[in-house]
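**Student:** structure here, sequence nowhere to be found:
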């Protein structure tokens, strides 16, 4: 067993990653700073407000992105969960995506700062994520959005949380989601990162990184087969008929590509797959660096979100 697969070591490594991320977030400019993320796609305005959502885990700060003036009086709402391996809190990374979707999909976007491991290991993030989505669905009238026209999506770990929210909504009878957007998500933590194969020799997400993320998030290896952690794992064979319709987006060179593709097939069998779109020649997190590819993918998301929320109006 690798030393990084030891919970105490993984927790220490994860906290180091958190410290580095926090330092970047405090800078007034430069790579990784909030200003740098907000400078992307300047044609999409940033009309935001801050809220705190009460949950059974801990209060969840959210940034609410408003659609352009003239959009429906009570527009649909999209809840976004950022990536970060379940250990890094980085909602600002998705600022450009949230602004893009608010304009192009005509929705309110709720960008969530959820709890992360090792301070809050599984199941805390999945529970909190579902609590947030339920709150958004139930409190739309108070805040100017239509909680009955609801979509949820996320990048990387945020995609994994989105899948978990959809599963909990299926099992608990709500809230109803018109669409789930899974963007290069980790969906099989039961398979060790070193056992996963990418289409390139040195993918962006290295196995050692996966070991830290997986172990910090789910310290007990036996729990990594849990349906809310590994819906693409071999242990989860439940009937998914009735789960929210899904847009699954994978990156060709991503270490996580194959598990997301397997889950897309599973969703297809359940009649819940809207589209599986593969971004050719791209790796994990490509949209944070490649503006052209990001625009193409975000436009795809916006079209599907607009269609799903229009169909339920």
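**Tutor:** Looks like it arrived, so ask away. If you're wondering where the values come from, they're calculated on a predicted model, not measured in any experiment.
**Student:** use CA for all of it now, contacts and neighbours both
**Tutor:** Fine.
**Student:** sec struct for residue 21, please.
**Tutor:** Put simply, residue 21 is helix when judged by DSSP: H, G, I helix; E, B strand; the rest coil.
**Student:** please name the nearest non-neighbouring residue to it.
**Tutor:** residue 88 (7.1 Å; C-alpha to C-alpha, 6 or more residues apart in numbering).
**Student:** what's around that neighbour, how many residues?
**Tutor:** 25 (other C-alpha atoms under 10 Å).
**Student:** now do the contacts for it.
**Tutor:** 14, 17, 18, 21, 116, 117 (C-alpha atoms under 8 Å, 6 or more residues apart in numbering).
**Student:** what's the closest non-adjacent residue to the first one?
**Tutor:** Okay, so that is residue 14. Per C-alpha to C-alpha, 6+ apart, closest to residue 14 is residue 87, 6.1 Å.
**Student:** equivalent analysis for the fifth one, please.
**Tutor:** Taking C-alpha to C-alpha, 6+ apart as the measure, residue 116 lies nearest to residue 87, with 4.9 Å between them; neighbours along the chain are not counted.
**Student:** ok, the one you found - contacts?
**Tutor:** 14, 15, 17, 18, 116, 117, 118, 213, 216, 217.
**Student:** again, but for residue 6
**Tutor:** Residue 6 neighbours (C-alpha under 8 Å, 6+ apart): residue 215.
**Student:** could you do residue 145 as well?
**Tutor:** 73, 74, 75, 76, 77, 108.
**Student:** can I get those in CSV with pLDDT?
**Tutor:** Shown next, in CSV, are the contacts of residue 145 (pLDDT from 0 to 100):
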residue, pLDDT
73, 79
74, 92
75, 96
76, 97
77, 98
108, 97
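**Student:** let me know the closest of those to residue 157.
**Tutor:** residue 77 (20.6 Å; C-alpha to C-alpha).
**Student:** where does that closest one fall, phi/psi-wise?
**Tutor:** phi -130, psi 140 (degrees, to the nearest 10).
**Student:** the stretch 101-250 of the chain: strands as residue ranges?
**Tutor:** 108-112, 146-155, 179-183, 246-251 (DSSP state E, counting those that start in this stretch).
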